[in-house]
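Visitor: mind looking at a prediction? Sequence and model below.
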Amino acid sequence: MPTILVVDDSATDRLLAGGLLSENGDFDVEYAVNGSDAIVKIELHVPDLIVTDMDMPEINGLELVGVVRKAYPVVPVVLMTARGSEELALKALRAGAASYVPKRQLNPELLETVIQVYSAAREDRGRIRLMRRMSEQEVHFTIENDHELIASLVQYLKDGAAGMGICDEGDRVRTGVALQEALTNACLHGNLEVDSALREVDHRQYYDLARQRMTEAPYAQRRIHVIARYNQNSAEFCIRDEGPGFNRSSLPDPTDPTNIERPCGRGLLLMQTFMDEVKYNATGNEVTMIKRRRVRTQGSER
Amino acid sequence: MNPSKVFRASTIGDVLVVELVGVVSSLADDSINRELDSVRTRLRSGGQAKVVIDLGQVAYFGSSMLEAIRAIWNELTPHNGRLVLCNASEVGREIIQISKFDHLWPLVESRADALKLMQA
């Protein structure tokens, strides 16, 4: 039977939540009196799902979400929020909590929410376990200069890296940022040959020219080619455009204090910072970025 | 009126609060550019010189969003305006620090902190 850990420093609220969950007979419920106690309990026995209050002493709900996401990424966390803690709840959702239920609506929302989250997590867990057993894969894409396609491709590629366990949630996001920058560069600077200098004049002119060239020869016919290679230790992304290439050394240094307000080179800086290795071909129309696996986290597979 | 995809603006006192509610994939997206222009027009017509950019609704953003913030800042500089960033996620904070934008504008924890700073 699945186990739910209920975490709340109020005994009354703890028992109320636990009672609502155990009533239907499908869950075993365990309890922790605060965030620190929860961490100790989880180390002894990893639950299938955690329900936690937000506002607790020592380690609050937001901090507990952070700890669980890092150490036990397949265990979903549902928050119980009191009035006035909505901003904190949004932060916790962004940090990886699965859902939240206002305390004034625990009955009937808590049980419904937990059932939904648990079902989704169980499917995810099965898929994650399977993907962690994939030894390698290689995918090829050829796409047009289309920002929606680019966004979808970023999602696909970063999910591939996370699915094979190469990166945790934080690094999945960072990988996505780097991929977005590389693909946008391939589109705007590579295929459409829109010069960054135009952005310094008026960003509108820059993007108007980009939109115009998306339907104009020869720019519109150019494509972005992507090869992603995943294995147990790394994800490698090779992105090539069909433009004439560029000279990276011609870009001003965006970290130079005199350039901070200029629209220059920030995308490349994010790529270099968020990926473990970035290299270009001689022409400058192909970039290869590598993200390597960090140390496996405890409890990442069950 | 089309709902905002990316920027949601509201006024609190003499401060324009611009909330980022969606990912700015590219400013080549005309709808995103129109929303940005709408914010800039609101600044010009309202004569506001204080802007808080609330990053709380998104887990991350890229150079396009940084550019959008810069475009908003360009509306403020002729009037000695002020801009404060708030509510960034862990990765969002990293992006701002990598880009050294925290050297230009304060980056604080919450919207309340940002508004307090504006009144200081």
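Guide: Looks like it arrived, so ask away. Residues are numbered from 1 along each chain as shown, chains lettered A, B, ... in the order given.

Visitor: show the pLDDT at residue 10.
Guide: With no chain named, the answer covers chain A. pLDDT for residue A:10: 93.

Visitor: that's the wrong chain, I meant chain B
Guide: 91.

Visitor: can I assume it sits in a strand?
Guide: Yes: applying DSSP: H, G, I helix; E, B strand; the rest coil, one finds residue B:10 inside a strand.

Visitor: and the stretch 101-250 of chain A, which residues reach chain B?
Guide: A:147-148, A:150-151, A:170, A:173-174, A:176-177, A:180-181, A:184, A:187-188, A:199, A:203-204, A:207, A:210-211, A:214 (C-beta under 8 Å from any C-beta of the partner chain). Just so you know, the C-beta spots here come from the backbone N, C-alpha and C atoms, and that holds for glycine as well.

Visitor: just the buried subset of those, written out for ChimeraX, thanks.
Guide: ChimeraX command restricting these to the buried ones, with burial defined by 16 or more other C-beta atoms under 10 Å in any protein chain shown:
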select /A:147,150,151,170,173,174,176,177,180,181,184,187,188,199,203,207,210,214
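
Visitor: secondary structure element holding residue A:88?
Guide: helix A:86-94 (DSSP states H and E).

Visitor: can you list the residues that contact that helix?
Guide: Contact with helix A:86-94 is made by A:54-55, A:60-62, A:65, A:77, A:79, A:81, A:97, A:99-100, B:56-59, B:87, B:89, B:110-111, as judged by C-beta atoms under 8 Å, 6 or more residues apart in numbering or on different chains.

Visitor: averaged pLDDT, the helix or strand that it is followed by. What do you get?
Guide: Using DSSP H and E, the next helix or strand after helix A:86-94 towards the C-terminus is strand A:99-102. The average pLDDT for strand A:99-102 rounds to 87.

Visitor: that older thread, pull the helix holding residue A:88 out as CSV, backbone CA atoms only.
Guide: Coordinates of each C-alpha in helix A:86-94 appear next as CSV, following Å, rounded to 0.1, in the frame of the first residue of the first chain:
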residue,chain,number,x,y,z
GLU,A,86,0.3,32.1,-1.5
GLU,A,87,3.5,33.8,-2.7
LEU,A,88,5.6,31.2,-0.8
ALA,A,89,3.4,28.5,-2.3
LEU,A,90,4.1,29.8,-5.9
LYS,A,91,7.9,29.8,-5.1
ALA,A,92,7.5,26.2,-3.9
LEU,A,93,5.7,25.2,-7.0
ARG,A,94,8.4,26.7,-9.1
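
Visitor: what comes up buried for it?
Guide: A:88-94.

Visitor: return the distance of that helix from the chain's centre.
Guide: 16 Å (C-alpha atoms, centre = their mean, to the nearest Å).

Visitor: please enumerate the helices of chain B.
Guide: Assignment of helices within chain B using DSSP state H yields the ranges B:30-46, B:63-76, B:90-98, B:111-119.

Visitor: what packs against the third one?
Guide: To tie it back to what came earlier, the one meant is helix B:90-98. Packing partners of helix B:90-98 (3 or more C-beta pairs under 8 Å, 6 or more residues apart in numbering or on different chains; DSSP states H and E): helix A:169-185, helix A:266-274, strand B:107-108.

Visitor: and the lowest-mean-pLDDT helix or strand in chain B, anywhere near chain A?
Guide: Least confident element among the helices and strands of chain B, by mean pLDDT, DSSP states H and E: helix B:30-46 (a mean of 84). Yes: judged by C-beta under 8 Å from any C-beta, helix B:30-46 comes into contact with chain A at B:30, B:33, B:37.

Visitor: just the buried residues of those residues.
Guide: residue B:33.

Visitor: give me the number of residues near residue B:69?
Guide: 24 (other C-beta atoms under 10 Å in any protein chain shown).

Visitor: so how far is the least confident helix or strand of chain B off the chain centroid?
Guide: That offset, for helix B:30-46, works out to 12 Å (C-alpha atoms, centre = their mean).

Visitor: helix B:63-76 and that helix, what's the angle between them?
Guide: Helix B:30-46 runs at 20 degrees relative to helix B:63-76, counting by axes from the mean of the first three to the mean of the last three C-alpha atoms, to 10 degrees.
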